[in-house]
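[1] Give me coordinates for this.
(chains A, B, C and D)
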Number of protein chains: 2
Amino acid sequence: MRQVATLAGVGTKTVSRVINNEPNVAAATAERVWHAVRSLDYHVDLQAGSLRRADGRTRTLGLLVGSVDNPFAGAIHRAVEDTAIKREVAVFASSFDDDPERELRAVNAFLRRRVDGLILTSVKRHPDYDASLRAQGIPVVYVDRRPLDATYDSVTSDNREGARKATEHLIRHGHRRIALLTDRLDIQTAADRQQGFFEALGHAGIATTSTPVITELHDSGAAQHALARLLASDQPPTAVFSSQNLLTVGALHALRDAGAQRSVALVGFDDLPLADLVDPGVTVVAQDPQEIGRVAVTRLFARLEGQDLAPAHIIVPTTLIPRGSGEIPARA
Amino acid sequence: MRQVATLAGVGTKTVSRVINNEPNVAAATAERVWHAVRSLDYHVDLQAGSLRRADGRTRTLGLLVGSVDNPFAGAIHRAVEDTAIKREVAVFASSFDDDPERELRAVNAFLRRRVDGLILTSVKRHPDYDASLRAQGIPVVYVDRRPLDATYDSVTSDNREGARKATEHLIRHGHRRIALLTDRLDIQTAADRQQGFFEALGHAGIATTSTPVITELHDSGAAQHALARLLASDQPPTAVFSSQNLLTVGALHALRDAGAQRSVALVGFDDLPLADLVDPGVTVVAQDPQEIGRVAVTRLFARLEGQDLAPAHIIVPTTLIPRGSGEIPARA
DNA sequence: ATGAAAGCGCTAACAA
DNA sequence: TTGTTAGCGCTTTCAT
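    From the prediction side, this is the model:
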């Protein structure tokens, strides 16, 4: 910046003014500065600036998702980025694979880089870093999962309701022996979806004592094996509710391998690319990850812009999309 | 940091030493400092540190991909992140939708944040920001696409070869009227794949005058419409090669809509989730985006660690995965 | 083993 | 409208 100032024959503060579009610079001066900037190929150091800037903003956001590789997370990420870029804010994205230790490390990494705000997915319902975030006064919006602490904003799908819809849909097609494939129950979405599942069974007066529930499923391979075993048992389910996108993929493979894709019904939570092209089409309760991301980042920027909002738990509706697999009737 | 120093009864330099695990600190002193750090919930400011640090490193990387929403990019991103996190390096991820203007803006944003290195996808074969990167001495590895300038590292799939394999596969099943669905030809991957496609036709002695080639296809919707029109024409193709994942999705829809999924063959470039569950299974030339990301980030860190490597163009092989759609024979 | 002073590149506050 | 000085939080250098 000093070089630019020298070349343009002005003080550094004037360069700063020009670069940041501050008022009170003569047009001719500004032109000389821009010329110097271009000819020296100068790029401001935003980090150095934020060190001294009154609001201390780094124009940086932290985004934590299960994995940047998951289509659900990808859609959230894209929505966040699109809004952030308009405000010249850059996004750090991290994956944590539902590992609480990685979660903590990622948030600490964000803090050390002085992000202005955070969009977080958490496994824990009482995150360890909570006190730090509060002390630093960093705005946070949780996505996908909602922490128990209601003083934070959160944006999630209607998990319980969505799972209930899915299960009712299967019940409506005559199923009474419906298997549930799910992840660790300390993960809030898994717990909520399980709750919705059992609610639907309860309302229909279906005894749940012999309902096959398989938990601790983290990936499609595990789901595939679990369902394969279930299908081979003496009391196989007539329908399956898989409560997460990767588990649905595993379930599809297991059904296909067992030749049961046309006899055992399946509804998945969260949509999948190509779900409509599989035969039969995969019936799902679709989430709207793009909308989740959009709402979350909008909320975050509102707070960063100083709006004094009451913490809100925003619920983005899900949609049951019947495509075939969920409409297979129970055998007599 | 001053507060920590005061509380621990030491100078700020000692705090700095402890935090950065520098030698020459008495164990007892270090313990006092760590205690103060914990009780004040102190987090270093990495940005301030990098301002003064001798190597000037920010422990930050910039990653530019078509869209963080695309599974191909997601896999690259994840691989980059996994290596970066081990070195306590954070990753800025941006999407640019093959828009040269967005590409330039994204790179400039990275420069203003003083990233240590870049992993870039580019639409342009001579990127505009090239001179800046060179002047700043920032190491760059290109992924997916290779710039004309051979002084940069790049990691790509064997696009020409992969497309050739795909096309030969179709020819082997008796096809001579094969349609090509592709994107803008100024995109290097599109051009390379088209070249491989025509090479295969040429080797087989197939006249290409009436070969249906549809370019400028950016998304699945466009591909779907284009192929639908082609299938309805008086000279419909007996096979289709779609040269990108989104275009393959569009092609699948068009074939399904026309009821041609069992009569018209299809091979796609780049794998798709669920491709094996569609009926018939989707034959693809699979790329290995995770490996592309892994190789690229490894290369980048090697340079950051000062290794003096000759620029290399690393090619990650593709694999033809026959699943059914590509093995449909040509009708007589 | 420890600390004091200087300075990284920038912006705030104030002076001219 | 413009420039000067100080200082953001840290690491470097050099002294003790």
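[2] In the stretch 151-300 of chain A, what residue comes closest to DNA strand D?
    As assessed by C-beta to the nearest atom of the strand, DNA strand D sits closest to residue A:300 within the stretch 151-300 of chain A, at 23.0 Å. Quick note: C-beta positions are derived from backbone N, CA and C, even for glycine.
[3] I'd guessed that residue sits against residue A:139; true?
    Yes. Under the criterion of C-beta atoms under 8 Å, residue A:300 makes contact with residue A:139 at 5.8 Å.
[4] Show me which of those two is the more surrounded one.
    Neighbours were tallied for residue A:300 and for residue A:139 using other C-beta atoms under 10 Å in any protein chain shown; the higher tally belongs to residue A:300 (24 against 19).
[5] So which other helices or strands are in contact with the strand or helix carrying that one?
    In this assignment (DSSP states H and E), residue A:300 forms part of helix A:289-304. The contact analysis (3 or more C-beta pairs under 8 Å, 6 or more residues apart in numbering or on different chains; DSSP states H and E) places helix A:289-304 against helix A:71-86, strand A:117-120, strand A:140-143, strand A:153-157, strand A:313-316.
[6] Give me the buried stretch members for that helix, please.
    A:289-297, A:299-301, A:303-304 (16 or more other C-beta atoms under 10 Å in any protein chain shown).
[7] In CSV, list the helices and strands packed on helix A:289-304 along with mean pLDDT and distance to DNA strand D.
    Below are those laid out as CSV (pLDDT from 0 to 100; distance: least, C-beta to the nearest atom of the strand, whole Å):
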stretch, mean pLDDT, distance to DNA strand D
helix A:71-86, 98, 24
strand A:117-120, 98, 19
strand A:140-143, 98, 21
strand A:153-157, 98, 27
strand A:313-316, 98, 34
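[8] Adding mean neighbour count as columns, could you present the ones you listed in a markdown table?
    As requested, those are arranged in a markdown table below (neighbours: other C-beta atoms under 10 Å in any protein chain shown):
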| stretch | mean neighbour count |
| --- | --- |
| helix A:71-86 | 22 |
| strand A:117-120 | 25 |
| strand A:140-143 | 26 |
| strand A:153-157 | 25 |
| strand A:313-316 | 16 |
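[9] Common neighbours of residue A:300 and residue A:139, please.
    The contact sets of residue A:300 and residue A:139 overlap at A:117, A:118 (C-beta atoms under 8 Å, 6 or more residues apart in numbering or on different chains).
[10] hang on, the earlier thing: what does the helix holding residue A:300 rub up against?
    With C-beta under 8 Å, 6+ apart as the contact definition, helix A:289-304 has outside contacts at A:57, A:61, A:71-80, A:83-84, A:87, A:116-119, A:139-141, A:143-144, A:153, A:155-157, A:309, A:312, A:314, A:316.
[11] same for chain B: which of the residues you listed are within range?
    A:71, A:73, A:74, A:75, A:77, A:78 (C-beta under 8 Å from any C-beta of the partner chain).
[12] show me what contacts the closest residue to the second one other than its chain neighbours?
    By that I understand residue A:73. Nearest-residue entry for residue A:73: residue A:65, 3.7 Å, with adjacent residues in sequence omitted and distances by C-beta to C-beta, 6 or more residues apart in numbering or on different chains. Residue A:65 makes contact with A:73, A:76, A:77, A:93, A:94, A:95, A:96, A:121, A:143, A:144 under the criterion C-beta under 8 Å, 6+ apart.
[13] Tally up the residues packed near residue A:44, please.
    Using other C-beta under 10 Å, residue A:44 has 18 neighbouring residues.
[14] Could you pull out the buried residues of the helix or strand encompassing residue A:109?
    Counting by DSSP H and E, the element that carries residue A:109 is helix A:100-112. Neighbour counts over helix A:100-112 (16+ other C-beta under 10 Å) mark A:102, A:103, A:104, A:105, A:106, A:107, A:109, A:110, A:111, A:112 as buried.
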